[in-house]
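A.B. asks: Kindly return the folded structure for what I paste below:
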Amino acid sequence: MKTMTKILASAFTAAAIFIGTNVKAQTTPANALRFGVGLETGIPTGNAHDGSNFELGGTARLQYGVNKNVALTLTSGYYNFFGKTYSQSVTTSTGTSTVSFKGRSLGMIPVKAGIKAFVSDGFYISGEAGAGFEVHPTVAGGTKDTKLILSPGLGYATKSWDVGARYENFSGQGNNYGLVGLRIAYGFGL
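C.D. replies: Okay, here's the model as predicted:
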């Protein structure tokens, strides 16, 4: 957990530096398209926390300005929930030894549509919904499921940078999980 805290603190520091270099607040021009590429990091919750302590991925987002305060978004990319390492002590007649093994990672391709509402000088609230396609099962021979994704969030955007935090829920097939995530993205107008 200390490593995750250091990673998140580093991400927030990097975001503050990037935002500080370009302080013009974002509004979204009507009928304008923007494209952004982001780095995603998160802490798994629910059933995902049983098999993973860390999520890392990348996403691309297309944003269309409905008016200067509202934008529609389409986001896709790849998330990887890294498998935990498990250790167990085994006692035999010759002594005790520790056996370690690494659990399988879970890969996910999200496809989400959403809305961003700018409420004050670059600050926004957002909501996304879509589908998450599991790339490979966490158990060998298991099924690859498609999950419903629901994701509320908030963030701050400048002309070039977008930093957002969110909770993302994946539900379906009796196995529900989620993540608390941070996205740092660079964007530009098309």
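
A.B. asks: before we move on, what SS does Gly141 have?
C.D. replies: Of the three states, Gly141 takes coil under DSSP: H, G, I helix; E, B strand; the rest coil.

A.B. asks: tell me, how many neighbours does it end up with?
C.D. replies: By the measure other CB atoms under 10 Å, the count of residues near Gly141 is 5. Placement of C-beta: from N, CA and C, glycine included.

A.B. asks: Same question for Val135.
C.D. replies: Using other CB under 10 Å, Val135 has 14 neighbouring residues.

A.B. asks: Can you read off the pLDDT for it?
C.D. replies: You'll see Val135 listed with a pLDDT of 91.

A.B. asks: Helices of this protein, residue ranges please.
C.D. replies: 2-20, 47-51 (DSSP state H).

A.B. asks: rank those by mean pLDDT and give me the bottom one.
C.D. replies: helix 2-20 (a mean of 49).

A.B. asks: got a list of what Thr73 touches?
C.D. replies: The contact partners of Thr73, taken as CB atoms under 8 Å, 6 or more residues apart in numbering, are Arg61, Leu62, Gln63, Tyr64, Lys112, Ala113, Gly114, Ile115, Lys116, Ser126, Glu128.

A.B. asks: Now that we have the residues you listed, which of them are buried?
C.D. replies: Buried subset of the contacts of Thr73 (neighbour count, 16 or more other CB atoms under 10 Å): Arg61, Gln63, Tyr64, Lys112, Gly114, Lys116, Ser126, Glu128.

A.B. asks: In strands only, show me these.
C.D. replies: Arg61, Gln63, Tyr64, Lys112, Gly114, Lys116, Ser126, Glu128 (DSSP state E).

A.B. asks: my guess is Thr39 meets Gly181, correct?
C.D. replies: Quick fix: residue 39 is Leu, not Thr. No. With contact defined as CB atoms under 8 Å, Leu39 does not count as touching Gly181 (10.6 Å).

A.B. asks: higher neighbour count, the two?
C.D. replies: Taking neighbours as other CB under 10 Å, Leu39 and Gly181 compare with Gly181 leading, 21 against 16.

A.B. asks: distance of the nearest residue to the more buried one once chain neighbours are set aside from Pro110?
C.D. replies: Counting by CB to CB, 6 or more residues apart in numbering, the nearest residue to Gly181 once its immediate chain neighbours are dropped is Gly42, at 3.3 Å. Using CB to CB, to the nearest Å, Gly42 is found at 12 Å from Pro110.

A.B. asks: what do those two both touch?
C.D. replies: Tyr79, Glu168.

A.B. asks: Look at the two and report which has more neighbours.
C.D. replies: For Gly42 versus Pro110, neighbours defined as other CB under 10 Å are more numerous around Gly42 (25 against 22).

A.B. asks: in the sheet, who's paired with the more buried one?
C.D. replies: Glu55, Gly181 (DSSP bridges).

A.B. asks: now do the one 4 residues further on
C.D. replies: As for beta bridges, Gly46 partners with Tyr177 under DSSP bridges.

A.B. asks: Okay then, goodbye and thanks.
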